[in-house]
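Asks: Predicted coordinates and the sequence they were generated for:
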Amino acid sequence: MIYQIYPRSWADGNGDGIGDLPGITARLPYLAELGIDAVWLSPFYVSPMCDAGYDVADYRDIDPIFGTLADADALIGQAHDLGLRVIVDLVPNHTSSEHEWFQAALAAAPGSPERGRYMFAEGKGPDGAEPPNNWQSVFGGSAWTRVQESDGTPGQWYLHLFDPGQPDLNWENPEVREMFLDVLRFWLDRGVDGFRVDVAHGLVKAEGLPDWHERTGMLGSHEEEHEGDADQAARAPMWDQDGVHEIYREWRKVLDSYNPEGDPARDRILCAEAWVEPVERAVAYTRPDEMHQAFNFGFLESAWRAEDLRTVITDSLDAADMVGAPSTWVLSNHDVVRHTSRLGLEVGVQRPNGIGIGDVQPNAVLGARRARAATALMLALPGSAYVYQGEELGLPDHTALPDEVRQDPTWERSDHAERGRDGCRVPIPWEAGDTAYGFGSTWDTWLPQPEVYGTLAVDRQVGVAGSSLELYRTLLATRRDLDLGVGELAWDTSFGADVVAFSITDQDGEGIQVIANLGDEPVPVPEGAQVLVSSGHLVGGAVPTDTTVWLRRT
Ligand code: TEU
Ligand code: CA
């Protein structure tokens, strides 16, 4: 069970309206009580924050907004004292344009070793005035920006799959590889237990940087038919190139060297953020000598339909089995509309990249209900589960943020076509009656909180039967007690097509039965079954629509 903290928005220790490391450290006991194993922190490194810290200017220091290295040490120490592991975010695909390497590259000439650390290229057309190829940035617009040479003339172009403030590194360059091995050791020496690897499928680009005529979404492939070798033909030249795996094999050796005895309690882990399809290619990142886990975004992307959920669960477990890795499950993170809001939208429509004023608003009641059912389904599944800060409170996205306060570069770069990800990044409510609902000592938070966050604050939910927080606590405690994470799943089709039903069994044959009812008719709880947890009220001894129960057979 890994809990994602987005440092800007978890707890503000010094009252400047932005979350920070001392704020996190002070609140860690909350997580120990929640019943998770590890914390993953989104980036806290020195950064000009043009992508909320995913633009790193110094991988070995903390941004003053968040604190100091001493604060990081204190956080790691306190987490360990509480029995929590700490996973930090590593951003190897690109640096910030403020990184000293990129500044040196700008000052140096074309063809210099300084430029050789990034993806510089000559432009096309007369005077090189057109970008080297047609790639689009994930955030919108061209993936190339032209620089001015030191004599003031328009010069080469550099690649940035994301914001222009995030130049892509050249992973063919041994210096780049060396630098990241050092960064791994730097944080391992400080005691971190692992790394979440940002855009893990983007580091290596196809030879010759060929044009690509599909959208540069995060998924490396897409659903249209292609001629010839479908797998090869459909793979975008900027994502999921075979060469990335060699990099992670090197990294794995470094991590393993910190645990020479192979003591499971001291394992340091790597988790890939790789938006890769099909799932077979995603699990390739978790072969025995590579990473330990990879996010499984298929589950997050699944429509709220029984059939779709069964398929994605089966495929995920099968694929993970192929490489002997645990499957992973995630419903929310800092890049997507929170599932409480997402599941309140029409079933089967494409997930919007942010929701704002004037957009179709989610059905809040339906979304909350389905989100609880989805979580209860997820937390029964074998493998490793990720929870995003605030989802345990049932927080929705801020779906009415004024556009002027948006910070995600997506909003501007997409010419206001996509609102972007700010709505899921709003500061967390702790105490309903305090300033910023307990987030910090000012209401002037970096993103404003919606009023509904007051009613969902931690202190409004602790000890309240049926609250979202208590539901999560019960699910997590039961998951731990019954070792569901290492259980065996067997489908039960006896409840019909609209019900996701299965048993999870441990080695001794003990376990639970799970019923997630996505159909219109209530499903009677089988005779002799004891209800361990339910995501909502049972009605006349039956599981109503959009409700998940965990049962024990007596
Ligand atoms: O995410 C990869 C990524 O770009 C997608 O999640 C994308 O943001 C989403 O599909 C929006 O359309 C990682 C980080 O999680 C994200 O926050 C960073 O912006 C990105 O890399 C660049 O470092
Ligand atoms: Ca602060």
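Replies: All right, it came through fine. Residues are numbered from 1 along each chain as shown. Ligands and ions are numbered 1, 2, ... in the order given.
Asks: Next SSE downstream of the helix or strand bottoming out on mean pLDDT in the chain?
Replies: For the chain, using mean pLDDT, DSSP states H and E, the weakest element among its helices and strands is helix 230-233, scoring a mean of 46. Per DSSP states H and E, helix 230-233 leads on to helix 244-257 as the next helix or strand towards the C-terminus.
Asks: and the longest helix anywhere in the chain, what other elements does it pack with?
Replies: Longest helix in the chain by number of residues (criterion: DSSP state H): helix 306-323. The contact analysis (3 or more C-beta pairs under 8 Å, 6 or more residues apart in numbering; DSSP states H and E) places helix 306-323 against helix 279-283, helix 297-301, strand 488-491, strand 499-505. Every residue, glycine included, has its C-beta placed from N, CA and C.
Asks: and ligand 2, which of these is closest to it?
Replies: helix 297-301 (29.7 Å; C-beta to the ion).
Asks: can you pull the buried residues of the closest one?
Replies: Phe297, Gly298, Phe299, Leu300, Glu301 (16 or more other C-beta atoms under 10 Å).
Asks: of all the helices and strands packed on helix 306-323, which lies closest to ligand 1?
Replies: helix 297-301 (8.7 Å; C-beta to the nearest ligand atom).
Asks: who touches Ala200 in this structure?
Replies: Counting by C-beta atoms under 8 Å, 6 or more residues apart in numbering, Ala200 touches Pro92, Val244, Tyr248, Ala272, Glu273, Ala274, Tyr285, Met291, Ala294.
Asks: at 10 Å what do you get?
Replies: Counting by C-beta atoms under 10 Å, 6 or more residues apart in numbering, Ala200 touches 90, 92-93, 240, 244, 247-248, 270-276, 282, 285, 290-291, 294-295.
Asks: And Val452, how close does it get to Glu207?
Replies: 51 Å (C-beta to C-beta, to the nearest Å).
Asks: Please identify which of these two sits among more neighbours.
Replies: The neighbour count for Val452 versus Glu207, taken as other C-beta atoms under 10 Å, is higher for Val452 (13 against 10).
Asks: Could you verify my assumption that that one touches Gly390?
Replies: No - counting by C-beta atoms under 10 Å, Val452 stays clear of Gly390, with 12.0 Å between them.
Asks: Give me the common contacts of the two.
Replies: Joint contacts of Val452 and Gly390 (C-beta under 10 Å, 6+ apart) are Pro396, Pro429.
Asks: what's around the residue of the stretch 351-500 of the chain found nearest ligand 2, how many residues?
Replies: In the stretch 351-500 of the chain, the residue that lies nearest ligand 2 is Gly440 (6.4 Å; C-beta to the ion). Using other C-beta under 10 Å, Gly440 has 24 neighbouring residues.
Asks: repeat for the one 3 residues further on
Replies: When counting by other C-beta under 10 Å, one arrives at 12 neighbours for Trp443.
Asks: what helix or strand is the one residue in the stretch 51-200 of the chain that gets nearest to ligand 2 on?
Replies: Nearest residue of the stretch 51-200 of the chain to ligand 2, counting by C-beta to the ion: Ile65, 6.7 Å away. In this assignment (DSSP H and E), Ile65 forms part of neither any helix nor any strand.
Asks: Then the one 5 residues further on?
Replies: Counting by DSSP H and E, the element that carries Ala70 is helix 69-81.
Asks: Identify each buried residue in that helix, please.
Replies: Result for helix 69-81 [16+ other C-beta under 10 Å]: buried residues Asp71, Ala72, Ala74, Leu75, Ile76, Gln78, Ala79.
Asks: Please apply the same query to stretch 460-477.
Replies: For stretch 460-477, by 16+ other C-beta under 10 Å, it's Arg460, Gln461, Ser467, Ser468, Leu469, Leu471, Tyr472, Arg473, Thr474, Leu475, Leu476.
Asks: now, which of those sits nearest Asp263?
Replies: Closest approach between the buried residues of stretch 460-477 and Asp263, by C-beta to C-beta: Leu476, at 24.8 Å.
Asks: Next, that closest one: secondary structure please.
Replies: When classified by DSSP: H, G, I helix; E, B strand; the rest coil, Leu476 comes out as helix.
Asks: Quick one, grab the pLDDT at it.
Replies: You'll see Leu476 listed with a pLDDT of 98.
Asks: Can you tell me how far it is from Val464?
Replies: For Leu476, the distance to Val464 - C-beta to C-beta - is 17 Å.
Asks: ok so, going back, contacts for the following helix or strand past the longest helix of the chain?
Replies: Per DSSP H and E, the first helix or strand lying C-terminal to helix 306-323 is strand 328-330. The contact list for strand 328-330 (C-beta under 10 Å, 6+ apart) reads 2, 4, 271-272, 282-283, 286, 292-300, 312-313, 316, 320, 336, 339, 375, 377-388, 391.
Asks: Packing partners of the helix or strand just after strand 328-330?
Replies: Per DSSP H and E, strand 328-330 leads on to helix 339-342 as the next helix or strand towards the C-terminus. Applying 3 or more C-beta pairs under 10 Å, 6 or more residues apart in numbering; DSSP states H and E, one finds that helix 339-342 contacts helix 297-301, helix 364-378.
Asks: Now the spatially most central residue of the chain: closest residue in space, sequence neighbours ignored.
Replies: Nearest to the geometric centre of the chain sits Asn333, at 4.5 Å (C-alpha atoms, centre = their mean). Spatially, and ignoring its direct neighbours in sequence, Asn333 is nearest to Tyr388 (5.0 Å; C-beta to C-beta, 6 or more residues apart in numbering).
Asks: ok, now how distant is that neighbour from Ser9?
Replies: Distance from Tyr388 to Ser9, by C-beta to C-beta: 11 Å.
Asks: Overlap in contacts, the two.
Replies: Common neighbours of Tyr388 and Ser9 (C-beta under 10 Å, 6+ apart) are Ser42, His334, Cys424.
Asks: quick one, which of the helices and strands packed on helix 339-342 is nearest to ligand 1?
Replies: Nearest to ligand 1, of those and by C-beta to the nearest ligand atom, is helix 297-301 at 8.7 Å.
Asks: Which strands and helices lie in contact with that closest one?
Replies: By 3+ C-beta pairs under 10 Å, 6+ apart, helix 297-301 packs against helix 279-283, helix 306-323, strand 328-330, helix 339-342, helix 364-378.
Asks: Quick one: mean pLDDT for that helix?
Replies: 94.
Asks: check whether it contacts ligand 1.
Replies: No - with C-beta under 6 Å from any ligand atom as the measure, helix 297-301 is seen stopping short of ligand 1, the closest distance being 8.7 Å.
Asks: Model confidence at the one residue in the stretch 351-500 of the chain that gets nearest to ligand 1, what's the number?
Replies: Nearest residue of the stretch 351-500 of the chain to ligand 1, counting by C-beta to the nearest ligand atom: Asn353, 4.9 Å away. pLDDT recorded at Asn353 is 97.
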